[in-house]
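Peer 1: Structure of the sequence below:
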Amino acid sequence: MKATSYSKRLYLILPLFLLCAGCKKDFLNVEPPSVLTGNSYYRNATDAEAAITAAYASVRNFNSDNYAKIMEAPLADIMIFNTQGLNLDSWSLDPNDAIPDDVWQGAYEGIFRANLVIQHVPDIVMDETEKNRIVGEAKFLRALFYWQLSTVFGPVPIVTEADPSDPGKARVPNSPLSDINALMTSDLKDASSILLKRSQYKTSDLGRASKGAAQALLGKIYLYAGDYSNAALYLDSVITSGEYQLMPNFSDLLITDNNAESIFEIQYADLAGQGSARVENDYPQGQGGFSNLLPTQHLVDAYESASGAVAVNGRDPRLFYSVFLDGDPYDAVSPVFHSSWTPTGFAKKKGSYPVVRTNNANLGRNFPIIRLADVLLMYAEAANENGNYPEAVDAINQVRERVGMPDLPTASYPTGNQDEIFQAIVHEREVELAFEHSRLNDLQRWEMAAQVLGPSGYVSPRNRYFPIPQQEINNNPQLKQNEGY
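Peer 2: Residues are numbered from 1 along each chain as shown. Modelled structure (predicted):
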């Protein structure tokens, strides 16, 4: 049930650990006690494990229906249809909209849960290595939630203490982005010094935050802040670690859980109501879904023409693996996709094929938050800004080679100077990471949103950030609304 205010949601304790029952991975299967009593709950290693499990459960907000809507629907590449939030297509944003408020509350819920771990687990008498790892995971998660909040809403309150006895401590003013960045980088440096490498985790623990995940997110934060030297340093450490490899088949990326390319992904449970409902939501109406978020002609046109054995219908094969086009294979019930099934003539295929007619059941497919191709393209961007042009082009080409696309330079994407390489990166991120909630953040940080999204209704500077939910301002008068709202 949706909470009525930011502070109320932030300080709900008792239900926190109950959300985690039935999760797929062993580390998510810790059984919480039936009665929790605030600070007195944190007694032993089992309690510590239950606490970090609760924090992980909040990561599912990164692929919630509402987060997907605000990150995808405002794009020229995607339109929202047949669901709440149609105003997002035209950037008609209002502080009273429930969708951004849900994202706000979900992120602060995760921060609260991470804060509980950071505050209380160090005092538990337990194995020190395990204790440090759990605290490191909580710091990674706290940074991840603040990254989500700051990219969507800009300056937001920093809350690093979870005190159920005094909800007023959560009613603090907006913090400058520089302070939020400082907290995130501090948390991630601590986490990267503590956490295990992916290869050091048991199979049952795959899905936990790893050293590579902390370094990748740290590199992303430095990149977003324009610190390209540090961005390149940390992103390169992930690339050269030997822990991750590009998947040979692009089509497997959002289908095979915890694959070799995955650096951090949302872990879903194989139980009804606990999994990735968005797969079903994006299927066409009449074919087992609701046709909510639909690719547009703008996205289809972004994929290059191609030739040779790897091309599919004369195009970059990523188009075939990402978007249902008229005449594409569909499933045994309806063998061929028809453009008449959706208003745009297209439907999302990435992560949704082979088609499973779910009838409201859960597919349990994980969703990537960070993967190696994303890191390679971020490294290319940092290297380009640092003047390391050959390294930038090589990183881009690694991503292209995986799908058989020709190396740069090409006629469409020359690489003779920094701006040409940047334009190649812009293109590559659009087609490689479609539907993975990256495009809007990219356009915003590149200051390209007004140019690309202006025809959709984007107005600068008003739409640089989403409005802080009015409900949160009503409950915390110290909050200042974003410009233009």
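
Peer 1: Show me the helices in the stretch 151-300 of the chain, by range?
Peer 2: Here the stretch 151-300 of the chain has its helices, by DSSP state H, counting those that start in this stretch, at 177-194, 211-224, 228-239, 277-281, 297-302.

Peer 1: Relative to residue 371, which of these is closest?
Peer 2: Residue 371 sits nearest to helix 211-224 of all the helices of the stretch 151-300 of the chain, at 9.0 Å, using Cβ to Cβ. Where C-beta positions appear, they are placed from N, C-alpha and C, glycine not excepted.

Peer 1: Measure how far the closest one is from the centre of its chain, please.
Peer 2: Counting by Cα atoms, centre = their mean, to the nearest Å, helix 211-224 is centred 13 Å from the centre of its parent chain.

Peer 1: mind starting the numbering at 6 from now?
Peer 2: Fine by me, first position is 6 from now on; the one you just mentioned is helix 216-229.

Peer 1: Outside of it itself, list whatever touches it.
Peer 2: 141, 145, 148-149, 152, 156, 186, 189-190, 193-194, 196-197, 200-203, 233, 235-240, 242-243, 246, 248-249, 268-269, 375, 380, 383-384, 386-387, 446, 450 (Cβ atoms under 8 Å, 6 or more residues apart in numbering).

Peer 1: and it, what's its mean pLDDT?
Peer 2: For helix 216-229, the mean per-residue pLDDT is 98.

Peer 1: Over to stretch 310-328?
Peer 2: According to the model, stretch 310-328 has a mean pLDDT of 94.

Peer 1: Which residue comes closest to the spatially most central residue of the chain once chain neighbours are left out?
Peer 2: The geometric centre of the chain, computed from its C-alpha atoms, lies nearest to residue 374 (Cα atoms, centre = their mean), at 4.1 Å. Nearest residue to residue 374 in three dimensions, chain neighbours excluded: residue 269, at 5.0 Å (Cβ to Cβ, 6 or more residues apart in numbering).

Peer 1: Pull out the buried positions in stretch 342-358.
Peer 2: Judged by neighbour count using 16 or more other Cβ atoms under 10 Å, the buried positions of stretch 342-358 are 342, 346-347, 349-358.

Peer 1: rewinding a little: tell me the contacts of the residue nearest to the centre of the chain?
Peer 2: Residue 374 is in contact with 64, 67, 149, 269, 270, 271, counting by Cβ under 8 Å, 6+ apart.

Peer 1: what about burial for the contacts of helix 216-229, which qualify?
Peer 2: Burial by neighbour count, 16+ other Cβ under 10 Å: within the contacts of helix 216-229 this picks out 141, 145, 148-149, 152, 156, 186, 189-190, 193-194, 196-197, 200-201, 203, 233, 235-240, 242-243, 246, 248-249, 268-269, 375, 380, 383-384, 386-387, 446.

Peer 1: and residue 104, how many residues sit next to it?
Peer 2: Other residues within reach of residue 104, judged by other Cβ atoms under 10 Å, total 23.

Peer 1: which residue sits closest to it, ignoring its sequence neighbours?
Peer 2: Spatial nearest neighbour of residue 104, excluding adjacent residues (Cβ to Cβ, 6+ apart): residue 71 at 4.6 Å.

Peer 1: tell me which element that neighbour falls in.
Peer 2: helix 70-77 (DSSP states H and E).

Peer 1: Just the pLDDT for residue 29.
Peer 2: On the pLDDT scale, residue 29 gets 38.

Peer 1: ok, now residue 25?
Peer 2: Note for residue 25: predicted pLDDT of 41.

Peer 1: Low-confidence ranges, the stretch 156-305 of the chain, go.
Peer 2: Judged by pLDDT under 70, the stretch 156-305 of the chain has its weakly predicted residues at 274-285.

Peer 1: mind running it again at 80?
Peer 2: Under the criterion pLDDT under 80, the flagged ranges of the stretch 156-305 of the chain are 169-174, 274-286, 293.

Peer 1: Might you report the residue contacts of the residue nearest to residue 104?
Peer 2: The contact partners of residue 71, by Cβ under 8 Å, 6+ apart, come to 90, 104, 105, 107, 108.

Peer 1: what number of residues lie near the last one?
Peer 2: Right, the one you point to is residue 108. Residues lying near residue 108 (other Cβ under 10 Å) number 24.

Peer 1: same question, the third one
Peer 2: Using other Cβ under 10 Å, residue 105 has 26 other residues around it.
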